[in-house]
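# Prediction below, plus the sequence it came from.
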Amino acid sequence: MGRESILKSIKSNKPELVELPEIDLNLFAEEIDILEAFKSNVKLVGGKLKELGDNEDIDSVIRELYPKAERIVSQLPGSNLRTVLITKETEPHSLEKIDLAIIKGEFGVAENGSVWVSENQFSVRVLPFITNDLVIVLSKKDLCLHMHEAYKKIANRDRNFGLFISGPSKTADIEQCLVIGAQGAMSLTIVLI
Amino acid sequence: MSHSEKAEIFNKNEAKVNWHDKALWFVREKRDTAAHKVKGWEELRNLASGIKANVLSNLDEYLIEFEENAQKNGIKVHWASDAEEHNTIIHKILEDNKVEKVVKSKSMLTEECHLNPFLEDRGIEVIDTDLGERIVQLAKETPSHIVLPAIHKTKEEVDTLFQEHLGTKPSNGNPEYLTNEARKHLRDKFLKADAAITGVNFAIAETGGIVVCTNEGNADMGAHLVKTHIACMGIEKIIPNEEHLGVFLRLLARSATGQPITTYSSHFNKPAEGKEMHIVIVDNGRTEQLSRKEFRSSLHCIRCGACMNTCPIYRRSGGHSYDATIPGPIGSILSPGKDLTKHSSLPFASTLCGSCSNVCPVKINIHEQLYAWRQIVTKEVKQPVVKKTILKITGVALSNRLLFNIAGKSARFMLKYAPRFMVYSKLNVWGKARELPEIKNQNFDDWYKVKRKNNG
Amino acid sequence: MKVGLFIPCYINQLYPQVAIATLELLEKLNVDVYYPSTQTCCGQPLGNSGYEDDSKGACQLFVENFKEYDYIVGPSGSCIYHVKKHFDILEQTEDVIKVRNNAYELCEFIVKILGKTDLGAKFPYKVGLHKSCHGLRGLNLGSCSEKMDEHFSTEEELLNAVEGLELMSLNRKDECCGFGGTFSVFEEAISVKMGKDRIQDHLDSGVEVITGADHSCLMHMEGLINRDNKPLKVMHIAEILNSSI
């Protein structure tokens, strides 16, 4: 039973070795404005977008976007919005009532408006899901064209937990009607700096 | 009951059929729009298919590599030959951790293994946390679609169901209200759960990590709150390297719902501090399917559901008419491999139009496999005597010109001169809703003999 | 160039006008056409029903009938597809390979082999084209809506060259009509529903005449149209291309 029998069965049933194809990136290369594509795809997936102006600072922009948020976790260095401090030791259930979480995005992907974030940017894994609203701060310089480039960028990361987030949590499970805000964050705003 | 009998019942309510057809066609159109935006879409499909073919040809090695790397990262790996072993392993893990309440995100594998009733019988509460799956769980039904599990239910039906089980107010089926009430209900379940079970979209041999894709965030809400996370995967979920995710994640959501990517594509590589992560690798008939040369590539499937959305039969017969865990075209080539007699009508639930093969992101030749299963079904499953006899005689007549002439002439004679009540009797299924062709005085042979004397 | 005319069994018996139009059209295009009188059927009804083995006699007879011709041309995409795709059940002799390679659906033969699109036909009606699945997805007569390839259509090329003909655009460009051979009987409910939905699309699109390169689909839709008395006419594409109204 189990491991040995499965492996044995595969060995006797599998076909001759088929070569692994190479991914030829030339097939997918495109000359497009990556920033514009990213912005339009963030909107397509239901995300909000705020580009930081020259004289604006991040804190006040976020405050304006979420004026009612009281319990705020900010994992952004230098942010003064934080009202709840979390560490690696924080019990995840205690984040149940968090109104707003602010984290830094590592990079965005133009083709689908997603942002790669990893455990390095938030102390507790459940944070970006359990928070009512989520803000990801992302530098305009940190954008790539598509998922092939994205995986090159994270090839040498510290592999613990990470994810691509594309827009707020959503569902269309009731009669195909799109509803924003399923089990994860109700809204996602990307602040581009 | 055969697919056609169930489909006939589904078709008694034409308005619902129309709704079901349009809802799924809309998803198909969204898929088209999304795919059109990707430069090199067809090349991506080729790549995905090629990668999967390589995986199947080296599956044992990749699984060993995956296990080794996962274990290095502190993940516990289990192997299950069949559904029962899968269920027993999971139950053991839960028992060892004194788990009473489990939240589960979508996993067609656990549906296939009938995990929920197994655990419930042993006193463990299992809550499906994908909204669609929660709906069918409350209704004591099974998913009718692998991506849109409750697509067969109207919003009014969901409204009534939620009033009964979640104590919601009547809302005329307001999707926002109902979704939000479900959110509150499921939040409570997430917070009280002791363990989480998720599926696996991709398992990467090179890293020993897994990727789980959801739109709702339910897999992550479950997995990150509990101490014990169990992920269940069929052996075919393996891909060689992480860079291959670039190919599959570009295809998956676009094919499934027309989104450029799912909201959350979570990469689990290591359990968090103080937590446990288990992966259960399951065969349950897959290695047998691997042995079938003609049907092997059905194991390429990444469970996007695109073949269901495009299938004109699926859209008009509903997922439950297939009476299988995986419905639709892909289910119709997977299920006969598990129980040929039970699922013998499924390969015939198709016009072989080929649309399924064309939308398939991993290029499974679904309609050709349906044709191939038909050849096996007629040999190995007892066929209705009338059908079998007619087709056998046809075979003889078609290989003999004289018999062919007699058959053609007598059929034409009957159609032309028999009274209408005889032609359109109950035995003539064609004529229930369709007229038969009007019979001309001559067939082409006769015409040709007269008009083109010098030829042939 | 010697062409063997292949007339599918049901067209021979039930739709001789389609066979005649096909023959006349090829003759008009100066093709040297022969009609082997001992032909029967390609074996498709058996294969699709799961009785491929019982069709070997029919397939072999097909090869015998057509092996001497440079091309085999027939007015039915699905039959030609069956020859090309499923004659792999026969021993692959030189004759079998030759027949499989040289079998052509009528439209494809005219456009690809003869290199002609304007056949001098006149047909002043609003026409809806039913792209039959086996011709489209099997023989690649055109681009399919599921694929991201560039648009092309063999039948559209021919129809667009017909004087007075207005080709109407459908909501669903290439959805199956639900005929599917024995599917039309064994899955009657779905088959009828699919056919009705296709017909409605043509009606909604202002079509007067439905045409296509596969008469089995047309027979199915015609049966529904006639039962429900819908204001639509059904004609094989050969009849339109051969007309000079």
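Okay, I see it. Keep in mind the model is a prediction, meaning the values are calculated, not measured. Numbering: from 1, shown residues only, chains lettered A, B, ... in the order given.
# Would you state the helices of chain C in chain order?
Ranges of helices in chain C, per DSSP state H, are C:9-14, C:16-28, C:44-48, C:56-66, C:77-86, C:94-102, C:106-108, C:133, C:154-160, C:183-186, C:188-204, C:215-228, C:237-241.
# which stretches of chain A have low pLDDT?
A:1 (pLDDT under 70).
# Looking from chain B, tell me which residue of it is nearest.
A:Gly184 (2.3 Å; Cβ to the nearest Cβ). Any C-beta I mention is one placed from the backbone N, CA and C, and that applies to glycine too.
# Which stretches in the chain count as strands?
Went with chain A since none was named. Listed in chain order, the strands of chain A (DSSP state E) span A:48-51, A:72-74, A:100-104, A:107-109, A:114-118, A:133-138, A:143-144, A:161-165, A:170-171, A:179-180, A:187-192.
# To clarify, I was referring to chain B.
B:76-80, B:101-104, B:125-128, B:195-198, B:202-204, B:209-214, B:228-234, B:238-239, B:264-268, B:276-282.
# Who are the packing partners of the third one?
Translated: strand B:125-128. Here strand B:125-128 touches strand B:101-104, helix B:115-121, helix B:131-138, going by 3 or more Cβ pairs under 8 Å, 6 or more residues apart in numbering or on different chains; DSSP states H and E.
# cool, and the fifth one?
With contacts defined as 3+ Cβ pairs under 8 Å, 6+ apart, the packing partners of strand B:202-204 are strand B:209-214, strand B:238-239, helix B:243-256.
# That strand - what's its average pLDDT?
Averaging pLDDT along strand B:202-204 gives 98.
# Over to the first one?
Strand B:76-80 shows a mean pLDDT of 98 in the predicted model.
# wait, what's in contact with the residue most central in space within chain B?
In chain B, the centroid-proximal residue (Cα atoms, centre = their mean) is B:Ile326; its distance is 3.5 Å. If you count contacts by Cβ atoms under 8 Å, 6 or more residues apart in numbering or on different chains, B:Ile326 has them with B:Met108, B:Glu112, B:Ile146, B:Arg303, B:Leu334, B:Ser335.
# at 7 Å instead, please
Residues near B:Ile326 by Cβ atoms under 7 Å, 6 or more residues apart in numbering or on different chains: B:Met108, B:Ile146, B:Leu334, B:Ser335.
# same question, C:Val83
Contacts for C:Val83 were tallied using Cβ under 7 Å, 6+ apart; they are C:Cys42, C:Phe62, C:Val99, C:Arg100, C:Ala103.
# Helices of chain A, residue ranges please.
Under DSSP H, chain A gives helices at A:3-13, A:34-44, A:58-65, A:127-130, A:147-153.
# What number of residues are in the vicinity of residue 98?
Answering for chain A, as no chain was given. 24 (other Cβ atoms under 10 Å in any protein chain shown).
# let's do chain C instead
Neighbour count for C:Lys98, taken as other Cβ under 10 Å: 17.
# circling back to that earlier point, quick check: phi and psi on the residue nearest to the centre of chain B?
Per-residue torsions, B:Ile326: phi -100, psi 110 (degrees, to the nearest 10).
# if we can go back for a sec, need the strands of chain A in JSON lines with distance to A:Glu22, can you?
Formatted as JSON lines, the strands of chain A follow (distance: least, Cβ to Cβ, whole Å):
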{"stretch": "strand A:48-51", "distance to A:Glu22": "36"}
{"stretch": "strand A:72-74", "distance to A:Glu22": "43"}
{"stretch": "strand A:100-104", "distance to A:Glu22": "34"}
{"stretch": "strand A:107-109", "distance to A:Glu22": "22"}
{"stretch": "strand A:114-118", "distance to A:Glu22": "24"}
{"stretch": "strand A:133-138", "distance to A:Glu22": "31"}
{"stretch": "strand A:143-144", "distance to A:Glu22": "20"}
{"stretch": "strand A:161-165", "distance to A:Glu22": "24"}
{"stretch": "strand A:170-171", "distance to A:Glu22": "35"}
{"stretch": "strand A:179-180", "distance to A:Glu22": "39"}
{"stretch": "strand A:187-192", "distance to A:Glu22": "33"}
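# For B:Gly318, find the nearest of those strands.
strand A:170-171 (20.7 Å; Cβ to Cβ).
# one step back: mind checking which of the helices of chain C is nearest A:Lys8?
The stretch from the helices of chain C with the least distance to A:Lys8 (Cβ to Cβ) is helix C:77-86; that distance is 35.9 Å.
# what's the offset of that closest one from the middle of its chain?
Mean-position distance between helix C:77-86 and its chain equals 10 Å (Cα atoms, centre = their mean, to the nearest Å).
# tilt between it and helix C:56-66?
Here the directions of helix C:77-86 and helix C:56-66 differ by 100 degrees (axes from the mean of the first three to the mean of the last three Cα atoms, to 10 degrees).
# Now do helix C:77-86, average pLDDT.
Mean predicted lDDT for helix C:77-86 stands at 96.
# Could you export the helices of chain C to TSV, including columns for distance to B:Val377?
Output for these, formatted as TSV (distance: least, Cβ to Cβ, whole Å):
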stretch	distance to B:Val377
helix C:9-14	25
helix C:16-28	33
helix C:44-48	12
helix C:56-66	19
helix C:77-86	17
helix C:94-102	26
helix C:106-108	32
helix C:133	21
helix C:154-160	34
helix C:183-186	12
helix C:188-204	19
helix C:215-228	23
helix C:237-241	35
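# Which one of those helices lies nearest to B:Ala397?
helix C:56-66 (8.7 Å).
# Identify the residues contacting the closest one?
Helix C:56-66 has contacts (Cβ under 7 Å, 6+ apart) with B:395, B:398-399, C:4, C:6, C:36, C:38-43, C:72, C:83, C:87, C:89-90, C:95-96, C:99.
# For it, buried residues please.
C:Lys56, C:Gly57, C:Ala58, C:Cys59, C:Gln60, C:Leu61, C:Phe62, C:Val63, C:Asn65, C:Phe66 (16 or more other Cβ atoms under 10 Å in any protein chain shown).
# Please apply the same query to stretch B:109-126.
B:Leu109, B:Thr110, B:Glu111, B:Glu112, B:Cys113, B:Leu115, B:Asn116, B:Phe118, B:Leu119, B:Ile124, B:Val126.
# for those, which one is nearest B:Ile210?
Among those, and counting by Cβ to Cβ, the member closest to B:Ile210 is B:Leu109, at 12.8 Å.
# who's in contact with the longest helix along chain B?
Longest helix of chain B, by residue count under DSSP H: helix B:14-36. By Cβ under 7 Å, 6+ apart, the residues outside helix B:14-36 that reach it are A:176, B:10-11, B:41, B:151-152, B:254-255, B:257-260, B:306, B:309-310, B:315-316, B:318, B:359, C:145, C:148, C:193.
# rewinding a little: what about the residue of chain A closest to chain B, neighbour count?
Neighbours of A:Gly184 under the rule other Cβ under 10 Å: 28.
# Verify the contact between it and A:Ser169 for me.
Yes - between A:Gly184 and A:Ser169 there is a contact under Cβ atoms under 7 Å: 3.2 Å.
# Need the residues touching each of those two.
Residues within reach of A:Gly184 and of A:Ser169 at once, by Cβ under 7 Å, 6+ apart, are B:Glu216, B:Gly217.
# what's the spacing between C:Val33 and B:Ala433?
38 Å (Cβ to Cβ, to the nearest Å).
# More neighbours: the two, which one.
Set C:Val33 next to B:Ala433 and count neighbours by other Cβ under 10 Å: C:Val33 wins out with 23 against 17.
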